[in-house]
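A.B. asks: Just a sequence and a predicted model for now, questions to come.
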Amino acid sequence: MDRSLIDRAFYYAHKYDNRLTTLERLADAGYFRNNRQMIVNSRWQSVPQLLQVIRSMADLETLSLLEWKLTLTQNVPQLLRSCPNLTELRLNLAEKQIVEMNEEIKNELRPGFQRLKICELTWDKNSCPIIQEMFT
């Protein structure tokens, strides 16, 4: 057996690093440029690096980040800005509660949310008024 299997944390850290390195190389070489759909059904250790790979997909239309916890105020604006063709979005929000949000961020999020045809978000129910505001 491989020694890394004995230490699960070590094994999983390297497993994700290897996948991430592969994805970064493919993105750098332009292989994802015309990608229209991405589904990530895993807990990645390096969210910023994988988000960078996703943001390189300018033609992305469908994005499902099934087990991720992203922030509405930081990660989602970057995704919506970098992927102007995005029409389907499925993700979990990391913020426990979003009671207030800067008007500048709202103005940045609103056009991206309004172009979505399908949007499945998981968030705290107290955040609902802020989320609803993005669609109006």
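C.D. replies: Arrived safely.

A.B. asks: for the helix or strand containing residue 113, packing partners?
C.D. replies: Per DSSP states H and E, residue 113 falls inside helix 103-115. If you count contacts as 3 or more Cβ pairs under 8 Å, 6 or more residues apart in numbering; DSSP states H and E, helix 103-115 packs onto helix 75-82, helix 128-134. To be clear about C-beta, it is placed using only N, CA and C from the backbone, and glycine gets the same treatment.

A.B. asks: Taking helix 75-82 as reference, get the angle to it.
C.D. replies: 60 degrees (axes from the mean of the first three to the mean of the last three Cα atoms, to 10 degrees).

A.B. asks: So which residues make contact with helix 103-115?
C.D. replies: For helix 103-115, contacts defined as Cβ atoms under 8 Å, 6 or more residues apart in numbering pick out 72-73, 76-77, 79-81, 86-87, 119, 130, 133-135.

A.B. asks: and the least confident of those residues?
C.D. replies: For the contacts of helix 103-115, the minimum pLDDT belongs to residue 130; the value there is 73.

A.B. asks: if we can go back for a sec, give the buried residues for the helix holding residue 113.
C.D. replies: Residues of helix 103-115 classed as buried by neighbour count (16 or more other Cβ atoms under 10 Å): 108-109, 112-113.

A.B. asks: How about stretch 59-77?
C.D. replies: 60-65, 68, 70, 72-73, 75-77.

A.B. asks: Going by distance to residue 39, which of the residues you listed wins?
C.D. replies: residue 64 (4.4 Å; Cβ to Cβ).

A.B. asks: bridging residues for that closest one?
C.D. replies: Assessed by DSSP bridges, residue 64 has beta-bridge partners residue 39, residue 90.

A.B. asks: Where does pLDDT dip in the chain?
C.D. replies: Judged against pLDDT under 70, the low-scoring parts of the chain cover residues 1-17, 42-46, 95-97, 99, 124-127.

A.B. asks: again, 50 this time
C.D. replies: 1-5 (pLDDT under 50).

A.B. asks: Hmm, residue 59 is touching residue 36, no?
C.D. replies: Yes: Residue 59 lies in contact with residue 36 (Cβ atoms under 8 Å); the separation is 5.7 Å.
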